[in-house]
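Chemist: fold the stuff below for me.
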Amino acid sequence: MSSNSPTNLAERYAFLQKELARLEHAYYALDNPLLPDSEYDRLYRELLDIEAVHSEWITPESLSQRVGGVALKQFDSVTHIVPMLSLNNAFDDVELIAFDRRCREGLHLDHVDYAGELKFDGLAISLRYENGLLVRAATRGDGTSGEDVTANVKTIRAIPLRLTGMSIPKVLEVRGEVFMNLNDFRKMNVQAALIGEKEFANPRNAAAGSLRQLDSKVTAKRPLSFFAYGLGALEPQSWLPATHEELLNAYIKLGIPVCSERRILKSVAEILTFYKDIGAKRDSLPYDIDGVVYKVNSFAEQAKLGFVSRAPRFALAHKFPAQEALTTVLGIDVQVGRTGAITPVARLAPVVVGGVTVTNATLHNEDEVKRKDVWIGDTVSVRRAGDVIPEVVSVVKERRQPDAKQFVMPLRCPVCDSHIERLADEAIARCSGGLFCGAQRKQALIHFAHRRALDIEGLGEKIVDQLVDHNLVRTPADLYRLGFTALANLERMGEKSADNLIAAINHSRNTTLARFIFALGIRHVGEATAKDLANHYRNMHALMDAKFDDLLLVNDVGPVVASSIMSFMGETHNREVIEQLLASGMQLSVEEKIISDAVAGKTFVLTGTFPTLTRDEAKDLLEKVGAKVSGTVSKKTDYVVAGVDAGSKLKKAEELGVQVIDETAMLKLLK
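Modeler: Numbering: from 1, shown residues only. Predicted coordinates for the structure are as follows:
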């Protein structure tokens, strides 16, 4: 039997009605979308296509005949005097052109003016004002009745409790969208993660979940925003302006927030330009949108066009390419970053997301893979916004196949075969072959040449890129084998520059043990720790052979730092590079500390520009006599050394009563 036979089509139609009802309940009532909007839209359009052929199957209960969603039983129900309808969608220019043609033909006009505005991804709300006072707020619900969320809405600071201005109607129902700004959403999720609470999947869920809290005190803590874009009940009708644009301007005078991203459009060409312009700035907007909306601007013309079933004939939502889509995880590999970070990456069946074909998506780290429960073979929702790296958002667990496999983090680096380590206090696993690993090569060389490390002047990022890309340098030890000819042949590197760089490399052979240890790039070993290690072990081989318990005896070295050092020194590749460096003629001196009773153990903070010393020089002088140098001012700070243009650190010191001195006073202390 053909799949398009009436029997099979009826079964498919019944399935779509049931499946879409389930998805709508999860989306509207539970604030827990099970599929991306694009997948829901695809199923809904399939339902409409079937109904276009078999209109006799349509009943008043059909999903195409209602808005979607039902009022939650926990809230009182509110009947909308003027129904809150949904909008028909356009996904391409052809559908938009057809909409404009229907409007012009319905009005018998050669052209129609449209109001163009944004389609927010939040929760639709109706605000009822009586004599200027907010008396009730309700969700859209099923379009006919919604949930009474007045107490919660009153906690949203963007929504006025009393209207302002001279012309306030007796009854005004403002229709608009409650949403959450992206920055506020991210901050809220970070805070939720810190205290072990569930994170929201996206700003829309966060806004809807916040607005439908049974305790308005919870809503009050959520950073919700609001924009108005429509009108419900109104008394008297004589208050109504002539156009939609004038209505929004009137809202502004009443103190009601309205989005500024809107435009009057006088032709299809202007409509398409508006769509393109908003699409270009979509990713830079502070809130989520999923399209734009066009409304016939004249209210008289809107009335002539009227409505059809669940949507007005005078308005259309023009959707952007979906930023989320469903696809299958073909495999999970790991990538090694410049700092050795191991990132699981899902290999995907190709899917178009945000107008771009995506075949890979980040899974961030091992904990994220477990939290989202991503298996190889799963159907997943993938999100891509602008230039952001695509990521796996969630798993459609109902579609998991019996042969799906769990991901296991590898134990060895796929680039250099060094072992992968994950310290107890970190979410990210890392390759331990820092001096040898090809993926970390450029970063290791840049750090090695840093002015606070080996201080190789002239060896910047662009030169390092060329040295590695031309396979002239693989490890820091190769720097000391570079020849003049190889350097002179590099792009933008003449004979004089080559001479200067070779001289700088040779000069770096005479350095301190502390600088050398810091230059190795051992994780968690900064300048201060490197100096403590140098003073404790006195030579490099002693540090290389140090035991865990011995490392714990070093000042400020705890279990995490000791584990990191043991892991680094336990990698054969790293030890080989260190031996090659030592064999190249490195002369490593140990700076003797001269303890000053006046400053030993004291904490200093440096800020501003000093008359004779750089900050690095001042820091070195202080540390040589046993002082500590911090980057932040606190109650534990003993002195703040302030120079010209000292900023917030000076102000903080004054607030806390910390002693402030200048360079001259600091030098007197050191003497």
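Chemist: you'd agree Ala138 is in a strand?
Modeler: Yes: counting by DSSP: H, G, I helix; E, B strand; the rest coil, Ala138 falls inside a strand.
Chemist: how about Arg45, what does it touch?
Modeler: Residues near Arg45 by C-beta atoms under 8 Å, 6 or more residues apart in numbering: none. Bear in mind the C-beta positions are built from the backbone N, C-alpha and C, glycine included.
Chemist: helix/strand/coil for it?
Modeler: Judged by three-state DSSP, the three-state class of Arg45 is helix.
Chemist: for it, give its distance to Asn89.
Modeler: To Asn89, Arg45 is 8 Å away according to C-beta to C-beta, to the nearest Å.
Chemist: and the helix or strand of the chain with the lowest mean pLDDT, how far from the chain's centre?
Modeler: One helix or strand of the chain scores below all others by mean pLDDT, DSSP states H and E: helix 216-220, with a mean of 79. Per C-alpha atoms, centre = their mean, to the nearest Å, the displacement of helix 216-220 from the mean C-alpha position of its chain is 25 Å.
Chemist: buried sites along it?
Modeler: Thr219, Ala220 (16 or more other C-beta atoms under 10 Å).
Chemist: tell me the helices and strands packed up against it.
Modeler: helix 150-153, helix 203-211 (3 or more C-beta pairs under 8 Å, 6 or more residues apart in numbering; DSSP states H and E).
Chemist: by contact count, what packs against the longest one?
Modeler: It stands for helix 203-211. Other elements packing on helix 203-211 under the criterion 3+ C-beta pairs under 8 Å, 6+ apart are strand 123-130, helix 150-153, strand 171-180, helix 182-194, helix 216-220, strand 224-235.
Chemist: torsion angles phi and psi at Ala598?
Modeler: When read as degrees, to the nearest 10, the backbone of Ala598 gives phi -70, psi -30.
Chemist: my read is that it contacts Leu669, right?
Modeler: Yes: applying C-beta atoms under 8 Å as the test, Ala598 and Leu669 come out as touching, 5.1 Å apart.
Chemist: who has more neighbours, these two?
Modeler: Using other C-beta atoms under 10 Å, the more surrounded residue of Ala598 and Leu669 is Leu669, with 18 against 13.
Chemist: can you give me the strands for the stretch 1-150 of the chain?
Modeler: Secondary structure of the stretch 1-150 of the chain (DSSP state E, counting those that start in this stretch): strands at 77-79, 89-90, 114-120, 123-130, 133-139, 145-147.
Chemist: so can I have CSV of those showing distance to Met540, mean neighbour count and mean pLDDT?
Modeler: What follows is those, written out as CSV (distance: least, C-beta to C-beta, whole Å; neighbours: other C-beta atoms under 10 Å; pLDDT from 0 to 100):
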stretch, distance to Met540, mean neighbour count, mean pLDDT
strand 77-79, 76, 15, 90
strand 89-90, 67, 18, 88
strand 114-120, 61, 24, 96
strand 123-130, 62, 22, 95
strand 133-139, 68, 19, 93
strand 145-147, 70, 23, 90
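Chemist: need those in a markdown table with distance to Gln443, can you?
Modeler: Below are these laid out as a markdown table (distance: least, C-beta to C-beta, whole Å):
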| stretch | distance to Gln443 |
| --- | --- |
| strand 77-79 | 59 |
| strand 89-90 | 47 |
| strand 114-120 | 41 |
| strand 123-130 | 45 |
| strand 133-139 | 51 |
| strand 145-147 | 53 |
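Chemist: of those strands, which is nearest Gly521?
Modeler: Proximity to Gly521 (C-beta to C-beta) singles out strand 114-120 among the strands of the stretch 1-150 of the chain, at 46.5 Å.
Chemist: next one: the closest one to chain centre, how far?
Modeler: Distance of strand 114-120 from its chain centroid, counting by C-alpha atoms, centre = their mean, is 26 Å.
Chemist: still on that earlier bit, what's the closest of the strands of the stretch 1-150 of the chain to Ala207?
Modeler: With C-beta to C-beta as the measure, strand 123-130 is the member of the strands of the stretch 1-150 of the chain nearest Ala207 (5.4 Å).
Chemist: same for the closest one, what does it pack against?
Modeler: Applying 3+ C-beta pairs under 8 Å, 6+ apart, one finds that strand 123-130 makes contact with strand 133-139, strand 171-180, helix 203-211, strand 224-235.
Chemist: ok, and what's touching the first one?
Modeler: To tie it back to what came earlier, the one meant is strand 133-139. Identification of contacts with strand 133-139 by C-beta under 8 Å, 6+ apart yields 69, 71, 78, 80, 123-129, 146-150, 152-154, 159-163, 211-212.
Chemist: what's the angle between that strand and strand 123-130?
Modeler: 150 degrees (axes from the mean of the first three to the mean of the last three C-alpha atoms, to 10 degrees).
Chemist: please save the CA atoms from strand 133-139 in CSV.
Modeler: Extracted in CSV, the C-alpha atoms of strand 133-139 (Å, rounded to 0.1, in the frame of the first residue of the first chain):
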residue,chain,number,x,y,z
LEU,A,133,-3.2,50.8,37.2
LEU,A,134,-1.9,47.3,36.4
VAL,A,135,-4.7,45.0,37.7
ARG,A,136,-4.0,41.7,36.0
ALA,A,137,-1.4,39.9,33.9
ALA,A,138,-2.0,36.7,32.0
THR,A,139,-0.1,34.3,29.8
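Chemist: what's the angle between that strand and helix 203-211?
Modeler: 120 degrees.
Chemist: thinking again about what came up before, show residues contacting the least confident helix or strand of the chain.
Modeler: Looking at what lies outside helix 216-220 - C-beta under 8 Å, 6+ apart - the contacts are Ala151, Asn152, Lys154, Thr155, Ile156, Ser210, Leu211, Gln213.
Chemist: go again with 7 Å.
Modeler: Residues from elsewhere that reach helix 216-220 (C-beta atoms under 7 Å, 6 or more residues apart in numbering): Ala151, Asn152, Thr155, Ser210, Leu211, Gln213.
Chemist: ok, which pair from the residues you listed is furthest apart?
Modeler: Farthest-apart pair in those is Ala151 and Ser210; separation 12.9 Å (C-beta to C-beta).
Chemist: please identify which of those two sits among more neighbours.
Modeler: Using other C-beta under 10 Å as the criterion, Ala151 and Ser210 rank with Ser210 on top: 24 against 16.
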